[in-house]
Structure formats: C-alpha cells, structure tokens
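Enquirer: next comes the sequence, and after it the predicted model I'd like to discuss.
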Amino acid sequence: DAGVIQSPRHEVTEMGQEVTLRCKPISGHNSLFWYRQTMMRGLELLIYFNNNVPIDDSGMPEDRFSAKMPNASFSTLKIQPSEPRDSAVYFCASSLIRGRAFFGQGTRLTVV
Amino acid sequence: DQQVKQNSPSLSVQEGRISILNCDYTNSMFDYFLWYKKYPAEGPTFLISISSIKDKNEDGRFTVFLNKSAKHLSLHIVPSQPGDSAVYFCAATPNSGNTPLVFGKGTRLSVIA
C-alpha cells in the first residue's frame, strides 16, 4: 500500500484566497483524522471521521475551516478565506486498529 | 489545557548512550499510549506503544515504561544512534472505540556522534 497520500505537499497562497488540502487514506481504514502542527501548539486534532461520518469537529479553529469525506477514499480540508495565522503543516492520518494511526507526509501551508 | 505534556522541548545525547524521553498525562481515561517519531518534511511514524495493563514494553533498542499512578511514561533508547535524531511525540487515547490520539508537543532528540 502507498500509505496515506496528501496533496499538495506545499502550498503558498495569498491572504483571503481559498485553500483546499486533499487526503487519500489507506484502503480499508475506517477512521480519518486531520491534524495541524505548529510550534506553539504541537500536533492538534482538527476533525475526525469514522466510516466517512464527521464525529468531532470541535478542534476546527473557526468557521473558515471545513472538512468533507464524500467517500472512504478521499477527504478534503478547506480554508476560506485563508489568513497568515493559518500557516502550518497539516497532516491527514487514517487508522483501523485503535490508536495506531498512519500519517501522510503533510501539506506545508504558507499564507502571505 | 494540555492533556499530554512533554516538558523537554529538546534533548542532546552522545552516540552509544541512553536517551530518555519523558511524558506526563492528566486524563485518567487514557489507557493506551504510543510514541511516534518524526523526521523533517515527513509525517510522524509509529514507534512503540503500551497498554495500561502493562508497565513495560520493549522492541529492540526501544523500551517504553508506564507508571499509571504517576501518570507518567518514558521512552528509553539504548544505545542511541545518530539516525535516532528526530522529534518524538508522545500520544494517548482512551478506551472508547477508535478515538483520536492526543499528542504532546514533542521532544527534539539530537544524537551526537
């Protein structure tokens, strides 16, 4: 298996623009997680899905953030409009067994 | 409020010596603990885990110790190698289905040759 695949790897955008991050989980995994990594807060959970259903989005910082999982093999995280403070590395992870999450390589987002 | 705390942002160790990374947690519902390793420009990768029914788990050079009464766990790497230089994240999850991992902020380990 290719593992969790995220795209793009790097994204530079101007403040106010819409940003869409994409994730393909490992086939057969039934849970998907979006995390954000910053120096100040470390790895923080934004939202997670079980069987394509959003379970907890309390970590989403603002209404500017939204996530979807239209099917078992694809998820998106959208920021609209983007702001400089959204600059971070965003990770997608998937899991089947409790606790053992597999991470993608991340998307480094820079909002200027 | 951080439920998983790694109070040492960085650690430097000589090659061949022991590296000890520490982690504390506050949530009594946590019963499964993991360590992840992260190299620059890569995602975190699973290293080793321990269930609350155990107090030690060993995998090669890596050993995790759990002290439930103190809500403390530690990762020992013996002997440390330059390739172990990375950021190590402690994570925990409660026994309630496939719930997300709660991570600490990480400790950057540098193993000096």
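Expert: In hand now; what should we look at?
Enquirer: what ranges does chain B have for its strands?
Expert: In chain B, the strands defined using DSSP state E lie at B:4-5, B:10-14, B:19-25, B:30-38, B:45-51, B:56-59, B:62-67, B:72-77, B:86-94, B:102-103, B:107-112.
Enquirer: residue numbers of chain B in contact with chain A?
Expert: Chain B has residues B:32, B:34, B:36, B:41-46, B:49, B:89, B:91, B:93, B:95, B:97-106 near chain A, with proximity defined as Cβ under 8 Å from any Cβ of the partner chain. Placement of C-beta: from N, CA and C, glycine included.
Enquirer: in JSON lines: the strands of chain B, plus mean pLDDT and mean neighbour count.
Expert: Below are these laid out as JSON lines (pLDDT from 0 to 100; neighbours: other Cβ atoms under 10 Å in any protein chain shown):
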{"stretch": "strand B:4-5", "mean pLDDT": "96", "mean neighbour count": "20"}
{"stretch": "strand B:10-14", "mean pLDDT": "98", "mean neighbour count": "14"}
{"stretch": "strand B:19-25", "mean pLDDT": "98", "mean neighbour count": "21"}
{"stretch": "strand B:30-38", "mean pLDDT": "95", "mean neighbour count": "21"}
{"stretch": "strand B:45-51", "mean pLDDT": "95", "mean neighbour count": "16"}
{"stretch": "strand B:56-59", "mean pLDDT": "97", "mean neighbour count": "12"}
{"stretch": "strand B:62-67", "mean pLDDT": "98", "mean neighbour count": "18"}
{"stretch": "strand B:72-77", "mean pLDDT": "98", "mean neighbour count": "19"}
{"stretch": "strand B:86-94", "mean pLDDT": "95", "mean neighbour count": "23"}
{"stretch": "strand B:102-103", "mean pLDDT": "94", "mean neighbour count": "22"}
{"stretch": "strand B:107-112", "mean pLDDT": "98", "mean neighbour count": "17"}
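Enquirer: so which of those strands gets nearest residue A:53?
Expert: Smallest distance to residue A:53 across these (Cβ to Cβ): 19.0 Å, for strand B:86-94.
Enquirer: quick one, that closest one and strand B:72-77 angle?
Expert: In terms of direction (axes from the mean of the first three to the mean of the last three Cα atoms, to 10 degrees), strand B:86-94 departs from strand B:72-77 by 140 degrees.
Enquirer: and strand B:86-94, what other elements does it pack with?
Expert: Strand B:86-94 sits against strand B:4-5, strand B:19-25, strand B:30-38, strand B:72-77, strand B:102-103, strand B:107-112, with contacts defined as 3 or more Cβ pairs under 8 Å, 6 or more residues apart in numbering or on different chains; DSSP states H and E.
Enquirer: parallel or antiparallel, list what pairs with the fourth one.
Expert: Next to strand B:72-77 in the sheet, as set by DSSP bridges, lie strand B:19-25 (antiparallel), strand B:62-67 (antiparallel).
Enquirer: same check on the fifth one?
Expert: According to DSSP bridges, the neighbouring strands of strand B:102-103, each with its direction, are strand B:86-94 (antiparallel).
Enquirer: what's in contact with the partner strand?
Expert: A:42-43, A:98-99, B:3-4, B:6, B:21, B:23, B:25, B:27, B:29-39, B:44, B:47, B:73, B:75, B:99-109 (Cβ atoms under 8 Å, 6 or more residues apart in numbering or on different chains).
Enquirer: hmm, try it at 7 Å
Expert: The contact list for strand B:86-94 (Cβ atoms under 7 Å, 6 or more residues apart in numbering or on different chains) reads A:43, A:98-99, B:4, B:6, B:21, B:23, B:25, B:29-39, B:44, B:73, B:75, B:99-104, B:106-109.
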